[in-house]
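In: Can you look at this prediction? I've put the sequence above it.
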Amino acid sequence: MKILVCMKQVPQKDAPLKLNESGTWIREDVSYEVNEPDAYALEEALRQKEKHGGEVVVITSGPARAQQVLREALAKGADRAIHLEDDAFVGLDALNTARAFAAAIKDEQFDLIFTGLQSDDYGFAQTGVILAELLGWPHATIIMQIEKNDTGIRVKRELEAGFFQFVNMPLPAVLTIQSGINKLRYATLIGIKQAKNKPMRKVALADVQSALTPNLQKIERLYVPQKTKKTETLDGPPAEIAKKLVDKLRNELRIL
Amino acid sequence: MSAIKFKGVDFIEFDSLLTDDERLVRDTTRKFIEDNLVPIIEECNRAGRFPRELVKPMAELGFFGASLKGYGCAGMGNVEYGLMTQELERGDSGVRSFVSVQSSLVMYPIYTFGTEEQKQTWLPAMQQGEKLGCFGLTEPDFGSNPGGMRTRARKSGKEYVLNGEKMWITSGTIADVAVIWAKVEEEDNKVRGFLVETDRPGFKADDVHGKWSLRASVTSGLSMQDVRIPEANLLPGTGGLKSPLMCLNQARFGISWGALGAAMSCYDTALQYSLLRKQFRDQPIASHQLIQEKLVWMISEITKGQLLALQVGRLKDQGKVQHQHISMAKRNNVWMALECARMARDILGGNGIADDYPIMRHMMNLESVKTYEGTHDVHALIIGQSITGIDAF
């Protein structure tokens, strides 16, 4: 099976966030890491390859720094990488990101495309689904298990309230992968060395520009929630205070 | 244990001096240690137990002989190797010592001084962690002055017969093979290295008990009474005391980085603690001038130590490093780390002495690290010799 894994570099989860001057996104100079669900998507792709053979290709879009997620993926065992390299890719909405990816892989023939369920920064959970639509492929989301069968694949989806759904799908298909479905491997030191010699195709903004349209979605303002704290003093005899307190807890705060 | 995940110590954008690969090696090692060693290290230290279950996983990641080329080894650069030992020692000096001995003191001499047959026999198996090694140079009566060693090798037909005692040998009782340094009687008492399989008759290893330091690694004494080995076990490239000192230079370089890891662990613990611990007017002790001064001393010295280790690593990659450079890095960084441990212990007050925090363990470990592989004072004499031209040994 030939599998493409879409990966994203996101600000480190526990890093202190610094907003940019216009207050629309995070400043560039924070620490970055691999988007967690994407790491599980990569792991699942590597396991599928170990079972069925084939090739694992990783793709990302973003500035030069984003290459780090591809290097790590190559060190863990991906065969080659595609980097859509331009600062402008950071500001694309999910539709345009999917369009850019679709344009970048138009000459490739994949059996499966994996994305993480969603990104840890924007949290759209849309790129994979839109990519499937653009390619005209079936898709399934929140995937916990993938088994190859004679007609295609059988996947296990996570639903609400502890329910699961099993779906038979034809190939090619797009799957968005849930976090925690497998145990992530470490990049080995020899893997890190070998990654240097693996192919990395660079795609410039100009190469995919014709597929893009103005963003349909735009962040107006990003801000740190302001803490509001109000102290109210209840006066009167104890019985009256108790009555007022119960009333507030029951009817205003609804915790009784 | 600190509730907040360790994210490295980088005050002056040190990371920007590293390549992508170097950062990836460090981050991979950090994650491995965080997942696998940190959760068990205090228990190992208490019990005086070497976490042997980590040998195989460490081998799979490529930690053994990581800077050697071929034989399954990763062929890493010196800074990559250094960053790996930094993260290992942030976990524990004992575990880092085990890796250093396996890599720098056993695999390195086989790689550098051995025959192709010796390399084929030992290096792939050691890289895989299937065979473990130890290094026998120090003796009960000869530490800083290894030239005085009493261990002797005598030629007898197609064999050598070894007699002598070695002391303070990391991994002695778990090793499959020992690199033994001995004076060869037939060669005017020239020091040469031998590969001695530890199951040979007359070879005995016993653990040192009652250690207050490096409790998560094995430390042993070796005794050899008429141990007969085939002459093919001589490491042919060895000749004179320079050979073991070349091995020690490799290990000392790793130590100079490792000590940074121990210092970072102490600094990070003290910083987190000082932000949470409240005293006087319900203020965190991090707001106290005397606490800030200690934290500032630590991060300043760690930062200087990082730059020193990095430059020595870059020189080593270029083949320009001198042994006195490595001496300075080892001497400075281990001393600095020990001072950091003591300051961190001060900041944690009574809590600093319990193994809920890693500080006392690092402090006790570092007392060994300050002494082994050339004591702090001996490294002063090496640097002194290099700047004055006068040998003060």
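Out: Right, received. Where do you want to start?
In: how about the residues of chain A near chain B?
Out: A:12, A:14-15, A:31, A:67-68, A:71-72, A:75, A:186-193, A:195-196 (C-beta under 8 Å from any C-beta of the partner chain). All C-beta atoms are positioned from the backbone trio N, CA, C, and that covers glycine.
In: one more time with 7 Å
Out: A:14, A:68, A:71-72, A:75, A:186-190, A:192-193 (C-beta under 7 Å from any C-beta of the partner chain).
In: Neighbours of B:Gly237, how many?
Out: If you count neighbours by other C-beta atoms under 10 Å in any protein chain shown, B:Gly237 ends up with 16.
In: List the buried residues of the longest helix seen in chain A.
Out: Counting by DSSP state H, the longest helix found in chain A is helix A:36-52. Buried residues in helix A:36-52, counted by 16 or more other C-beta atoms under 10 Å in any protein chain shown: A:36-49.
In: nearest to chain B, of those?
Out: Here the nearest of the buried residues of helix A:36-52 to chain B, counting by C-beta to the nearest C-beta, is A:Ala39; it sits at 11.2 Å.
In: just to revisit the earlier point, would you check the residues of chain A next to chain B and say which has the weakest pLDDT?
Out: Taken together, these show their lowest pLDDT at A:Asp14, with 78.
In: Report the central residue of chain B.
Out: The centre of chain B sits closest to B:Ser97, judged by C-alpha atoms, centre = their mean, with a distance of 3.8 Å.
In: Identify the residues contacting that one.
Out: Contact analysis of B:Ser97 by C-beta atoms under 7 Å, 6 or more residues apart in numbering or on different chains lists B:170, B:214, B:217.
In: try 8 Å
Out: Neighbouring residues of B:Ser97 by C-beta atoms under 8 Å, 6 or more residues apart in numbering or on different chains: B:170, B:214, B:217, B:368-369, B:372.
In: for the closest residue to chain A within the stretch 251-393 of chain B, helix, strand, or coil?
Out: Closest residue of the stretch 251-393 of chain B to chain A, C-beta to the nearest C-beta: B:Gln272 (12.9 Å). Under the three-state scheme (DSSP: H, G, I helix; E, B strand; the rest coil), B:Gln272 adopts helix.
In: State the pLDDT value of it.
Out: So B:Gln272 comes in at 96 (pLDDT).
In: Next: A:Gln12.
Out: For A:Gln12, the model assigns a pLDDT of 88.
In: quick one on the thing from earlier: so which of the residues of chain A next to chain B is surrounded by the most neighbours?
Out: Comparing these by number of neighbours (other C-beta under 10 Å), A:Leu189 comes first, having 28 neighbours.
In: Name the nearest residue to it, ignoring sequence neighbours.
Out: By the measure of C-beta to C-beta, 6 or more residues apart in numbering or on different chains, the closest residue to A:Leu189 outside its immediate chain neighbours is B:Gly62, 3.4 Å from it.
In: Was I right to think the one you found contacts A:Thr188?
Out: Yes - B:Gly62 lies in contact with A:Thr188 (C-beta atoms under 8 Å); the separation is 4.9 Å.
In: Could you name every residue contacting both of these two?
Out: Contact criterion C-beta under 8 Å, 6+ apart; residues shared by B:Gly62 and A:Thr188: B:Ala74.
In: A:Gln145: what secondary structure?
Out: Per three-state DSSP, A:Gln145 ends up strand.
In: Report the separation between it and A:Ala39.
Out: A:Gln145 is 17 Å from A:Ala39, where distance means C-beta to C-beta, to the nearest Å.
In: any weak-confidence spans in chain B?
Out: B:1-4 (pLDDT under 70).
In: Near chain A, which residues of it? Just list them.
Out: Residues of chain B found near chain A (C-beta under 8 Å from any C-beta) are B:4-5, B:7, B:20-21, B:23-25, B:28, B:31-32, B:60-63, B:66, B:72-76, B:80, B:84.
In: again, only this time at 6 Å
Out: Within chain B, the residues that sit near chain A (C-beta under 6 Å from any C-beta of the partner chain) are B:20-21, B:24-25, B:28, B:32, B:61-62, B:66, B:74-76.
In: Top of the residues you listed by number of neighbours, please.
Out: In the residues of chain B next to chain A, the most neighbours by other C-beta under 10 Å go to B:Val25, 30 neighbours.
In: can you pull out the helices in the stretch 101-250 of chain B?
Out: Assigned by DSSP state H, counting those that start in this stretch, the helices in the stretch 101-250 of chain B fall at B:108-113, B:116-127, B:242-276.
In: Tell me which helix or strand comes right after the last one.
Out: Heading C-terminal from helix B:242-276, the first helix or strand you meet, by DSSP states H and E, is helix B:289-317.
In: Mind checking what helix or strand follows that next one in sequence?
Out: In N-to-C order, the element after helix B:289-317 by DSSP H and E is helix B:323-348.
In: who does the helix or strand following that following helix touch, helix- and strand-wise?
Out: Using DSSP H and E, the next helix or strand after helix B:323-348 towards the C-terminus is helix B:359-371. Judged by 3 or more C-beta pairs under 6 Å, 6 or more residues apart in numbering or on different chains; DSSP states H and E, the packing partners of helix B:359-371 are helix B:242-276, helix B:323-348.
In: Contacts for helix B:359-371, please.
Out: B:45, B:93, B:212-214, B:262, B:265-266, B:269, B:334, B:337-338, B:341, B:344-345, B:352-353, B:376 (C-beta atoms under 6 Å, 6 or more residues apart in numbering or on different chains).
In: How far off centre is it?
Out: Relative to the chain's own centre, helix B:359-371 is displaced by 12 Å; criterion: C-alpha atoms, centre = their mean, to the nearest Å.
In: And the strands in the stretch 101-250 of chain A?
Out: Secondary structure of the stretch 101-250 of chain A by DSSP state E, counting those that start in this stretch: the strands cover A:112-116, A:139-148, A:153-158, A:164-169, A:173-177, A:200-203.
In: Where does the prediction get shaky in the stretch 151-256 of chain A?
Out: Using pLDDT under 70, nothing in the stretch 151-256 of chain A is flagged.
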